[in-house]
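> After the sequence you'll find the predicted model.
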Amino acid sequence: MTYNTVYDIILPKYGKTPLLNKMSQSGHLQKQGGAPIMKNFTFGTLEYVRPDVDAFEEKLKGFTERIKNAKSYAEVKAVILENDKVMSSLYTMLTVASIRNTLNTTDEFYEKEVAFTDERLPAAAPTEIAFTKAILDCPFTKELEEDLGKEYLVAAKRSLDRFNDKLVPFMQEENRLTTEYQKLMATAQIEFDGKTLNLYGIQKYFENPYREVRRAAFKKYSEFYESNEERLENIFSKLVDLRTRMGKALGYDTFTPLGYLQQGRSDYGQREVAAFREQVRKEIVPLCEKLYEAQAKRIGVDRVMAYDEKFVFPDGNAEPIGDEAFMVAEAQKMYHDISPETGEFIDFMIEHELMDLENKPNKANTGYMTSLPDYKAPFVFSCFNHTIFDMEVLSHELGHAFAGYRAMRHQPIIDYAGVSTDIAEIHSMSMEQFCYPYAERFFGDKADKYRFQHLQEAITFVPFGVAVDEFQHIIYENPNLTPKERTYEWHKLEEKYMPWRRYTDDPFMERGGYWYHKIHIFLYPFYYINYTLTTMGAMEFKKRYAEDKKKAFADYLALCDAGGSKSYLELLKVAHLRVPFEDGSVKEAISYAKDILLDSIEKMK
Ligand code: ZN
């Protein structure tokens with residue numbers, strides 16, 4: 001996971017602008033009326049029509065007036081539901097364009113459509129803010145809270161807190177810069193092994209049984225970033241500068257508090273996150289060192305170098321025993337076996353062609369799940385590379401998709417079907433764990449290898465993840481660092497959280513160049529810690545699933561159904577999960593996984 005983790009829920013690109021922020025994961029449901037769900041469609045046949053943002057703004061202005069003049073809560077509620085429908089249609093079209101843009105980054109039509117909405121939508125944000133403000137100011141908030149729960153008002157307040165008209169030009173510039181980064185990554189061409197590879201393709205060689213091949217591939221990977229360093233420095237410097245100015249425009253000293261607001265956090269802050277990172281350093285870093293020591297012995301090297309980390313077994317890692325069609329067919333059977341709910345879901349995904357998994361030229365270098373709310377349809381995008389990563393997509397991204405599928409059918413409004421990622425990654429990472437018992441179907445007699453490697457990577461990922469988080473805290477607290485100083489901060493964090501990490505003849509990586517590959521640092525500031533917090537939830541679910549499958553799955557289902565209708569801490573309660581910031585909770589959460597891993601490395605000696 002260290003190299004090719006692309007666990008993303010996409011569309012924070014829109015989500016992080018105030019407009020549509022509430023739908024950052026998925027869509028909505030119209031329990032009370034609304035458009036009927038289309039029965040016969042496939043993603044490829046959906047008609048795209050450029051959203052009429054002017055008309056959208058006019059409607060929104062009308063809604064705002066009606067809220068201001070409302071004489072009863074019933075009138076307010078009617079407007080909320082109508083607005084929900086409008087947002088749903090708008091969001092569906094934006095998502096269609098965005099998906100098609102990532103499916104073929106050289107398709108000029110969708111590139112232009114995305115560029116258009118990137119420019120146009122932030123400009124509509126003040127209209128949406130006025131609507132939100134009218135709701136907060138109306139005399140019926142008490143009834144609203146009773147009806148829809150307090151999260152509605154908390155989220156509304158948050159979207160006001162993080163927005164100011166002055167931000168609009170910044171957001172437009174931010175969109176341009178992040179698009180430039182994505183394009184640079186997507187069009188990477190690396191010549192290796194007589195082939196032209198993209199950033200996904202080259203990473204397959206990090207698992208090659210020949211150490212020299214791994215080393216050479218890693219060097220090529222490193223060279224790609226080094227040769228683009230100036231461009232990357234330039235993009236990132238501009239992003240840091242403009243995000244800092246955004247923070248200041250809202251009256252903060254730095255960008256960081258705004259970054260937390262953009263992540264939708266309402267019941268924890270920087271102090272809690274720092275306490276969590278410290279628990280990771282104490283509890284997980286030493287475990288990872290043990291795992292890599294055992295790995296070195298196992299694969300017969302003095303020590304595990306950066307290019308060895310993915311090479312977990314001397315006789316090669318587990319590989320899928322079939323192609324994409326085989327994997328999808330097996331996944332379908334597996335989801336039917338896990339539960340009736342997951343069975344219904346996977347049939348829906350397949351029937352409506354809501355997965356695009358094959359690695360093709362010009363596909364964006366990413367993986368994600370997103371939603372088409374008008375169709376109550378999740379969509380999963382990935383680039384299979386015939387490693388265990390493919391299984392991760394079928395469990396992780398489909399875990400997100402399942403949660404979206406459920407929330408869109410169980411929550412009354414669009415705002416509640418979207419889930420902040422500190423919870424959403426619990427959906428996906430726990431599903432990875434629920435899929436473990438089926439590994440034989442995908443990996444044959446290498447299933448144990450898959451389970452071990454996957455679990456080891458789930459754990460060794462956490463120190464890397466908190467390093468990414470701390471890195472961003474350092475960067476935004478010290479916006480005047482030079483690019484080279486920033487990169488050196490990453491080097492220091494590797495020493496702190498990844499003391500095992502070593503490079504060979506690679507001055508670029510030695511001085512900290514590894515961070516450049518992390519798309520989240522460019523696109524989704526302060527998002528990354530969520531993966532590590534949620535790993536704790538997933539490890540707890542793993543334990544409980546082993547102890548009592550029925551009860552654990554019921555809690556999981558309740559969490560998915562709840563969507564984003566509650567705050568982070570309240571949703572943890574729904575699922576009966578521990579709060580990861582509390583002292584001792586990391587140790588407890590990983591205890592079961594730790595036992596399994598230590599036991600496995602003993603057995604493999
Ligand atoms: Zn994810």
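Cool, the structure landed.
> nearest spatial neighbour of Tyr528, skipping sequence neighbours?
With C-beta to C-beta, 6 or more residues apart in numbering as the criterion, Tyr528 has its nearest non-adjacent residue at 4.3 Å, and that residue is Val468. (Glycine included, C-beta is placed from N, CA and C.)
> Let me know the helix or strand that that neighbour is in.
Counting by DSSP states H and E, the element that carries Val468 is helix 447-477.
> Give the rounded mean pLDDT of that helix.
The average pLDDT for helix 447-477 rounds to 97.
> any idea whether the most far-flung residue of the chain relative to its centre is helix, strand or coil?
For the chain, the largest distance from the centre (C-alpha atoms, centre = their mean) belongs to Lys71, which lies 41.6 Å off. Following DSSP: H, G, I helix; E, B strand; the rest coil, we place Lys71 in the coil state.
> Test for you: state the pLDDT assigned to it.
Lys71 is assigned a pLDDT of 97 by the prediction.
> And it, how far from Val79?
From Lys71 across to Val79, the span is 12 Å (C-beta to C-beta, to the nearest Å).
> Any idea how far apart the tips of stretch 217-237 sit?
Start and end residues of stretch 217-237 are separated by 29 Å (C-alpha to C-alpha, to the nearest Å).
> roughly how far is that stretch from the heart of the chain?
In terms of C-alpha atoms, centre = their mean, to the nearest Å, the centre of stretch 217-237 is found 23 Å from the chain centre.
> List the buried residues of that stretch.
For stretch 217-237, the neighbour count (16 or more other C-beta atoms under 10 Å) marks 217-222, 224-226, 228, 232-233, 235-237 as buried.
> And for stretch 67-80?
Here stretch 67-80 shows Ile67, Ala70, Tyr73, Val76, Lys77, Ala78, Val79, Ile80 as buried, counting by 16+ other C-beta under 10 Å.
> and the first one, what does it touch?
I take that to be Ile67. Val76, Val79, Phe131, Ala134, Ile135, Cys138 (C-beta atoms under 8 Å, 6 or more residues apart in numbering).
> Number of residues surrounding the closest residue to the ion within the stretch 301-450 of the chain?
For the stretch 301-450 of the chain, the residue closest to the ion is Ser428, as judged by C-beta to the ion, at 4.2 Å. By other C-beta atoms under 10 Å, 25 other residues sit near Ser428.
> Hmm, it is touching His400, no?
Yes - contact criterion C-beta atoms under 8 Å: Ser428 and His400 qualify, at 4.6 Å.
> shared neighbours, those two?
Taking C-beta under 8 Å, 6+ apart as the contact rule, Ser428 and His400 both touch Met369.
> which stretches of this structure form strands?
8-9, 190-192, 195-197, 355-356, 368-372, 377-381 (DSSP state E).
> remind me which residues of this structure are low pLDDT?
Across the chain, the ranges flagged by pLDDT under 70 are 1-39.
> rerun at 80
Scanning the chain with the threshold set as pLDDT under 80 gives 1-39, 163-165, 200, 365-366.
> Run the chain-centre distance for stretch 294-310.
Its chain's C-alpha centre and that of stretch 294-310 lie 29 Å apart, by C-alpha atoms, centre = their mean.
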